[in-house]
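Participant: Pasting a predicted model and its sequence here:
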Amino acid sequence: MAKKMTDTQFLAFARNELDRSKRWRSTKTGFGYDDQWRRYVDLYSGQHWDAATSTDQLIVNLVFSTVNVMAPAVAINNPRFVVNARKAESAPQAVVTEEVLNYLWRKNDYQRDFRLAVLDWIITGNGWLKIGYKATKKPVVKATDGAENPNSDAGSGSVGSTEGVDDRDDVEGNVESELNVEYDDDRPFVERLSPFDIYVDPDARHPKEMRWIAQRTWRPVTDVQVDSRYSATQRQRVSGSHWSPWDTNGGDARAGSENSFSSGKPNKGALSYAEVIEFYDIKRNTVCTFAVDGSGEAGGDEPDAGFLIKPKDIPYSAGHPFVMLRNFEVPDHFYCMGDVQQIESLQLELNETRTQMLNYRKKFRRAWTYKRDAFDREGIQALESDDDNVMIPVQGDEPLSGALQPVPAVISPPEFFDQSIMIQNDMDMVSGVSDYAKGNPQSTTRRTATEAAMIADAANARAQDRLMKVELVLAECGKRVIQLMQQFMTGEQVARVVTLPVDGWVNYDQSYIAGQFDYEVRGGSTEPQNETFRRQSAMQLSDVSAQFVDMGVADPVALYTKLLRDGFGEKDPQRFIAQPPPPEEPPPPPPQGMPGQEMLPGMPPMQGGPPMPPMQGGMEMQPPPDPSLGPGPQDLTPEMLAAMLAMESGVPPEQGPPPEMMGVPPMGPM
């Protein structure tokens, strides 16, 4: 059995592993991933030329257009999560969990950070998300000695009594940006992390083989020194390793001065940043936090430097909180290829070609050669004039062809235009983004409808592959969000129903989302919805369902509601449906013993039927409302929600939810 490492040994191990990962990603000692990713980001942002020159340089940024076709195609809309129970007794909880997950994704705007991670995924080939739980409280400002009101102008003017004292509560996830929070924040979070700030085990070939993973955060030294989560001794020893390039330290920012921006030297002003590392040891299931020393090396000058937060067990049941989006896999390599990497050389060649065309066009000019003795000053002025029908005097008897001749003009070679088109076609073929997807209307005049359909099908194969990868990552994100809710949620919360066309809310606590579930994303829910295609699909559904409506198999009210909602985007289709007339009261039964009114055996009951038997308490049972109209704004119990989902799936309303879905204990009064 291996001997357990001490804190000092573990810190030395973590810093050494971090240094190995940095060398692995460096250009001088490793594969140069960091420089490659920066170059791809520059290509996307339009910074293609290394340095400015005296000549004009043209950029045709097809990388930008290609990326902005791929990203919206897979992550433009909020996902539609589907949660299925692994056991029959957890079916009611799965219904509530599905509504909670879909509502949380929209309420907390997780899609924004996910779309940023998708952009990293396409450009660099690797996207990162961090999914954790945040529980913050409104900060309490402590009164200072001799100051009755700490928020008054007579006080320090900032949080706390003096500089270097932190008055915040020591809670998980409390950072400086949350000082203005006016309410308790108890929820999971999903945030995008830069690929440059995530370090992994350099010997791993896949995330499943990682022994550790770390996140780097740049924080001002002044903030680190007052963070109450950190060790009171070690946080005072933190020094800055980087400085803001815009801080002149009170000097002159003009060119040529010692502290100017153009001097090429770092302006070590008051605002210095520390490199804080959050290190997760997956093998030992521990997490710790330490700062890289100001010397710039991972080891630092002090071998016995301590942790900002000492090693402890990872608080999340799923392990480390990071989720990776992987693009094109490379065998035996941890990092993946992005879409920009394959078209980088073609983009640079296209810029060079178009720049040459621009320079050739600039050289085009009209010029003439003439003999000085053949023209006097008046004749030269007439030659230089732009007026029409100008008379030019010629001296001597020499033929005009010998006295005046045009200089051959420099014209752009015709093959330049062919090369430009050829490069663009190569980029379309490599990236898999056709001119149809880019919205090029000229292509429709060169191809038939059959050929266009074949090109669209070929492009859809790659788009579906990207969409499948995105949906798998989204399912993993949804799974982790619910696991965190199951682990850390306290008290009762409320979720709005967003998957059904009703105005309803569900009150829930941990017991209503407990259980083991399978998570998936409804196929195509994140894709852009084409308005024309959606309406055509709705009309086709109407045509196919017409015969089933006549046969009495399909519900016409439910079908009409679906057509309005899905085909035409009507959010409130119920207002187009006529309300059913109130039921007629049956006539009173004839009194017993009236002549000619005897009930014969086997005789059917009278029209309207016998009166409904009274219920307990003397109340009569009323006819059930039309289920197709859906409930109005109200608090929904899990049983009601399950019944509504069953109706949405096509189960007859009179059957109601299955018996196993009625096992959730009542929540009490709504």
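Facilitator: That came through, no problem. Numbers count the residues shown, from 1 in each chain.
Participant: just checking, what packs against whichever strand or helix holds residue 189?
Facilitator: If you go by DSSP states H and E, residue 189 is part of strand 185-193. Counting contacts by 3 or more Cβ pairs under 8 Å, 6 or more residues apart in numbering; DSSP states H and E, strand 185-193 is packed against helix 110-123, strand 126-136, helix 449-488. Using the backbone N, CA and C atoms, a C-beta is placed for each residue, glycine as well.
Participant: buried set for the first one?
Facilitator: Of all the residues in helix 110-123, those buried under the rule 16 or more other Cβ atoms under 10 Å are 110-111, 113-123.
Participant: what's the angle between that helix and helix 449-488?
Facilitator: 130 degrees (axes from the mean of the first three to the mean of the last three Cα atoms, to 10 degrees).
Participant: Now do helix 110-123, average pLDDT.
Facilitator: With pLDDT averaged residue by residue, helix 110-123 scores 95.
Participant: Stretch 239-253 too?
Facilitator: The average pLDDT for stretch 239-253 rounds to 66.
Participant: before we move on, back to that, for the buried residues of helix 110-123, which one is nearest residue 339?
Facilitator: The closest of these to residue 339 turns out to be residue 122 (Cβ to Cβ; 5.2 Å).
Participant: Show the contacting residues for that closest one.
Facilitator: Contacts here follow Cβ atoms under 8 Å, 6 or more residues apart in numbering; on that basis residue 122 touches 67, 70, 71, 327, 338, 339, 340.
Participant: I'd say the third one and residue 116 touch.
Facilitator: No - with contact defined as Cβ atoms under 8 Å, residue 71 and residue 116 do not form a contacting pair (9.8 Å).
Participant: what about residue 574, how many residues close to it?
Facilitator: Per other Cβ atoms under 10 Å, the neighbour tally for residue 574 reads 18.
Participant: I'd assumed it was in a strand, is it?
Facilitator: No - going by DSSP: H, G, I helix; E, B strand; the rest coil, the assignment for residue 574 is helix, not a strand.
Participant: Save the helices and strands packed on strand 185-193 as CSV, and put in distance to residue 278 too.
Facilitator: CSV is the format used below for those (distance: least, Cβ to Cβ, whole Å):
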stretch, distance to residue 278
helix 110-123, 18
strand 126-136, 10
helix 449-488, 17
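Participant: mean pLDDT lowest for which of the ones you listed?
Facilitator: helix 449-488 (a mean of 82).
Participant: Remind me what the helix or strand containing residue 360 packs against, helices and strands.
Facilitator: Secondary structure assignment for residue 360, by DSSP H and E: helix 339-363. If you count contacts as 3+ Cβ pairs under 8 Å, 6+ apart, helix 339-363 packs onto helix 33-45, helix 62-75, helix 110-123, helix 414-431.
Participant: Indicate which one of the helices and strands packed on strand 185-193 is closest to residue 19.
Facilitator: Nearest of the helices and strands packed on strand 185-193 (Cβ to Cβ): strand 126-136, 20.6 Å.
Participant: what angle do the closest one and strand 185-193 make?
Facilitator: Using the same axes, to 10 degrees, strand 126-136 lies at 160 degrees relative to strand 185-193.
Participant: Please point out which parts of strand 126-136 sit buried.
Facilitator: Under the neighbour-count criterion of 16+ other Cβ under 10 Å, strand 126-136 has 126, 127, 128, 129, 130, 131, 132, 133, 134, 136 buried.
Participant: Could you dump the buried residues of helix 110-123 into a markdown table with distance to residue 535 added?
Facilitator: A markdown table is the format used below for the buried residues of helix 110-123 (distance: Cβ to Cβ, whole Å):
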| residue | distance to residue 535 |
| --- | --- |
| 110 | 30 |
| 111 | 25 |
| 113 | 33 |
| 114 | 29 |
| 115 | 27 |
| 116 | 32 |
| 117 | 33 |
| 118 | 28 |
| 119 | 31 |
| 120 | 35 |
| 121 | 32 |
| 122 | 30 |
| 123 | 35 |
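Participant: Name the nearest of the residues you listed relative to residue 544.
Facilitator: So of the buried residues of helix 110-123, ranked by how close each gets to residue 544 (Cβ to Cβ), first place is residue 111, at 33.5 Å.
Participant: who are the neighbours in contact with the closest one?
Facilitator: 75, 78, 79, 105.
Participant: Ok, residue 334 next?
Facilitator: Contacts here follow Cβ under 8 Å, 6+ apart; on that basis residue 334 touches 200, 202, 204, 205, 206, 207.
Participant: In strands, which of the residues you listed appear?
Facilitator: Judged by DSSP state E, the contacts of residue 334 include residue 200 as members of strands.
Participant: In JSON lines: the contacts of residue 334, plus distance to residue 234, neighbour count and pLDDT.
Facilitator: As requested, the contacts of residue 334 are arranged in JSON lines below (distance: Cβ to Cβ, whole Å; neighbours: other Cβ atoms under 10 Å; pLDDT from 0 to 100):
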{"residue": "200", "distance to residue 234": "25", "neighbour count": "23", "pLDDT": "96"}
{"residue": "202", "distance to residue 234": "27", "neighbour count": "15", "pLDDT": "95"}
{"residue": "204", "distance to residue 234": "30", "neighbour count": "15", "pLDDT": "94"}
{"residue": "205", "distance to residue 234": "35", "neighbour count": "13", "pLDDT": "93"}
{"residue": "206", "distance to residue 234": "35", "neighbour count": "12", "pLDDT": "93"}
{"residue": "207", "distance to residue 234": "31", "neighbour count": "16", "pLDDT": "93"}
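Participant: of all the contacts of residue 122, which comes closest to residue 40?
Facilitator: residue 340 (4.4 Å).
Participant: distance of the closest one from residue 426?
Facilitator: Separation of residue 340 from residue 426 (Cβ to Cβ, to the nearest Å): 15 Å.
Participant: any chance of the contacts of residue 334 in CSV, plus distance to residue 29?
Facilitator: Shown next, in CSV, are the contacts of residue 334 (distance: Cβ to Cβ, whole Å):
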residue, distance to residue 29
200, 17
202, 11
204, 18
205, 19
206, 23
207, 23
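Participant: returning to what we had before: ok, residue 340 and residue 426, which is more surrounded?
Facilitator: residue 340 (24 against 15).
Participant: Could I get the contacting residues of the more buried one?
Facilitator: 40, 43, 44, 63, 66, 67, 122, 123, 124.
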